[in-house]
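Asks: Need coordinates for the following:
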Amino acid sequence: MADTVNIYKADNSRYEKMTYNPVGKSGLKFPAISLGLWHNFGSKDNYDNMKQMLRTAFDSGITQFDLANNYGPVYGSAENNFGKILEEDFRPYRDELVITTKAGFDMWDGPYGNGGSRKYLIASLDQSLIRMKLDYVDIFYHHCMDRDTPLEETMQALADIVKSGKALYVGISNYDKEYTGKALNILNELHCPFIINQRRYSIFDRTIEQDGVKEFCYNAGIGIIAFSPLAQGMLTDKYLNGIPEDSRIAKDHRFLRKDDLTEKRLLQIAKLNNIAKKRGQTLAQMALSWILRDGKVCSVLIGASKPGQILENISVAEHSFFTEEEIKEIDKICSQE
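Replies: This next block holds a predicted model:
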């Protein structure tokens, strides 16, 4: 007899809980908040917790799950785990999901395991589709610029992947303004649906404003999705009273270390936290709202280690208005030496 107790049925009111924004000038829409599987979906993480996070996200109207070939650790394990959960829970909802993956950074040994070559990108996507038990992804990204490979080769590979039916759209990630412009020109000539640039963006990291990518993409009709919006957890109240045992700093030193939390940084976090309180938000909520404040970023990628963190942040799009005074105060805090 089939086990019907644990069969997942999505919340019928899920689409009432989320705002959906156009992705550039395309017909696709992203949820204002998307879930990234960069952390906490690897081979060492709790499988039941992963499943509950994905269920919570979808029940909250989060329709986009963002992956890459080497998310883990170990490489490929996030895609493997996602594929299992997709099969167990989300197969009936496949057409309601935007599933993305990427290739570009190191994935396997030898000269063909990273970069932007045609050989690597096509082989990597084929492997990702097997791990995730999918026939296609909604978006396939080139994950990083590769100045050793002709950009024409990389873009032709992306265009051919779309023509093959293995991706519906393509995107780029970690591309600067110069390379974004060149990629756009090539992909336009190839009539390839290039719709999105994924870049790091937060109150603490405004590189995409400084290098012109944010404005360029907006004017060119390319969507922007922001990753690391909470600066690896620094833009939360998590570290105001020390380092919790279950925090990223305590468990995983690859992307955030204790020496990142300088006295100056902790003071900035405390001051930003005070502004958030006055707005009736947590610091994390305000940091996400800040990214969505001007309508030039279509979605913010959050990571989570437990379902409650997802629930905390689903409503931020409704509170993305900032007064001129709030913007000035946030800028002033971040510019303090």
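Asks: Show me where the stretch 101-250 of the chain has its helices.
Replies: Along the stretch 101-250 of the chain, counting by DSSP state H, counting those that start in this stretch, helices occupy 118-132, 151-163, 177-189, 207-210, 213-220, 248-251.
Asks: In space, what's closest to Glu329 - neighbours in sequence excluded?
Replies: Take Glu329 and drop its neighbours on the chain: the residue closest to it by C-beta to C-beta, 6 or more residues apart in numbering is Ile275, 6.1 Å away. Yep, even glycine has a C-beta here, placed from its N, CA and C like the rest.
Asks: Distance check, the one you found against Gln285.
Replies: 12 Å (C-beta to C-beta, to the nearest Å).
Asks: again, but for Tyr75
Replies: Separation of Tyr75 from Gln285 (C-beta to C-beta): 33 Å.
Asks: and if you look at Phe321?
Replies: From Phe321 to Gln285 the distance is 13 Å (C-beta to C-beta).
Asks: who's more crowded, the two?
Replies: Between Phe321 and Gln285, counted using other C-beta atoms under 10 Å, the more crowded position is Gln285 (19 against 10).
Asks: any low-confidence regions in the stretch 151-300 of the chain?
Replies: Across the stretch 151-300 of the chain, the ranges flagged by pLDDT under 70 are 244-258.
Asks: What segments of it are strands?
Replies: If you assign secondary structure with DSSP state E, counting those that start in this stretch, the strands in the stretch 151-300 of the chain sit at 167-173, 194-200, 223-227, 299-302.
Asks: Those: which one's closest to Gly27?
Replies: Of all these, strand 194-200 sits nearest to Gly27, with 9.2 Å by C-beta to C-beta.
Asks: between the closest one and strand 223-227, how many degrees?
Replies: 30 degrees (axes from the mean of the first three to the mean of the last three C-alpha atoms, to 10 degrees).
Asks: how far is strand 194-200 from where the chain is centred?
Replies: 10 Å (C-alpha atoms, centre = their mean, to the nearest Å).
Asks: same check, this time on stretch 147-162
Replies: Taking C-alpha atoms, centre = their mean, one finds the center of stretch 147-162 at 22 Å from the center of the full chain.
Asks: repeat for stretch 158-170
Replies: On C-alpha atoms, centre = their mean, the centre of stretch 158-170 falls 20 Å from that of its chain.
Asks: how close does the residue most central in space within the chain sit to Ala183?
Replies: Centroid check for the chain by C-alpha atoms, centre = their mean gives Leu301 as the closest residue, at 3.5 Å. Distance of Leu301 to Ala183, given as C-beta to C-beta: 20 Å.
Asks: repeat for Met53
Replies: For Met53, the distance to Ala183 - C-beta to C-beta - is 32 Å.
Asks: Check Met155 too.
Replies: On the measure of C-beta to C-beta, Met155 and Ala183 end up 6 Å apart.
Asks: List the contacts of Leu37.
Replies: Taking C-beta atoms under 8 Å, 6 or more residues apart in numbering, we find Leu37 in contact with Phe65, Asp66, Leu67, Tyr71, Ala78, Phe82, Gly303.
Asks: I'd like to know which of the residues you listed is nearest to Asn219.
Replies: Asp66 (24.5 Å).
Asks: from the contacts of Leu37, which single one is nearest Ala10?
Replies: Phe65 (13.8 Å).
Asks: In contact with the nearest residue to Lys166 once chain neighbours are set aside, which residues?
Replies: Spatial nearest neighbour of Lys166, chain neighbours left out: Tyr136 (5.2 Å); criterion: C-beta to C-beta, 6+ apart. Counting by C-beta under 8 Å, 6+ apart, Tyr136 makes contact with Leu129, Gly165, Lys166, Ala167, Leu168.
Asks: Neighbour-wise, which one of those leads?
Replies: Busiest of the contacts of Tyr136 [other C-beta under 10 Å] is Ala167, holding 23 neighbours.
Asks: Please tell me how far that residue sits from Ile302.
Replies: 23 Å.
Asks: Of the contacts of Leu37, which pair is most distant in space?
Replies: Phe82 and Gly303 (13.9 Å).
Asks: Comparing the two, which residue is more hemmed in?
Replies: Phe82 (25 against 22).
Asks: Taking helix 118-132 as reference, get the angle to the helix or strand where that one lies.
Replies: Element membership for Phe82 (DSSP states H and E) is helix 77-85. Interaxial angle of helix 77-85 relative to helix 118-132 (the same axes, to 10 degrees): 40 degrees.
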